[in-house]
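> Kindly return the folded structure for what I paste below:
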Amino acid sequence: MQMEGELQFHVATAESGRHINRGFCGKCGSGILSFIEEMPGMKFVKAGTLDDSSWLKIDSNFYSSSANTWSPIDEDIPSFTHNPDQV
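Numbers count the residues shown, from 1 in each chain. Below is the predicted model of the structure:
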């Protein structure tokens, strides 16, 4: 991954009590990545930031309980109504 400039971070506390760190571009505000402090070693990179995302394969759905009707859930992969306890 290659970036220019420093990420800015906003930390929020989820309903679960976990601490979510959201990294974004300090110039335009675009979301770049996020991570949960209590889940070390795992980072969530926003797919829209990639030059080529054609190689990505969705293997699970999070927050399926609030999915929009215009984007149906793939019933062939695991779905979670919220974040699972362990990903």
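> any low-confidence regions in this structure?
Within the chain, the segments meeting pLDDT under 70 span 1, 85-87.
> Now the residue most central in space within it. Nearest residue, chain neighbours left out?
The residue lying closest to the centre of the chain (Cα atoms, centre = their mean) is F44, at 4.5 Å. Nearest residue to F44, sequence neighbours excluded (Cβ to Cβ, 6 or more residues apart in numbering): S34, at 4.8 Å. C-beta here means a position set from N, CA and C on the backbone, and glycine is covered the same way.
> is it true that the one you found lies in a strand?
Yes: counting by DSSP: H, G, I helix; E, B strand; the rest coil, S34 is located in a strand.
> ok, what's across the strand from it?
Counting by DSSP bridges, S34 is bridged to R22, F44.
> That one contacts R22, correct?
Yes: counting by Cβ atoms under 8 Å, R22 is a contact partner of S34 at 4.7 Å.
> Tally up the residues packed near the residue nearest to F44, please.
Each residue near S34 was counted by other Cβ atoms under 10 Å, and the total is 18.
> Next, the contact list for it, please.
Counting by Cβ atoms under 8 Å, 6 or more residues apart in numbering, S34 touches I20, N21, R22, G23, K43, F44, K46.
> Serialize those to TSV and add fields for distance to S54.
Compiled in TSV, the contacts of S34 are given as follows (distance: Cβ to Cβ, whole Å):
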residue	distance to S54
I20	28
N21	28
R22	25
G23	24
K43	21
F44	19
K46	16
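> Would you mind measuring from the residue nearest to F44 to S53?
Taking Cβ to Cβ, to the nearest Å as the measure, S34 falls 17 Å from S53.
> Okay then, goodbye and thanks.
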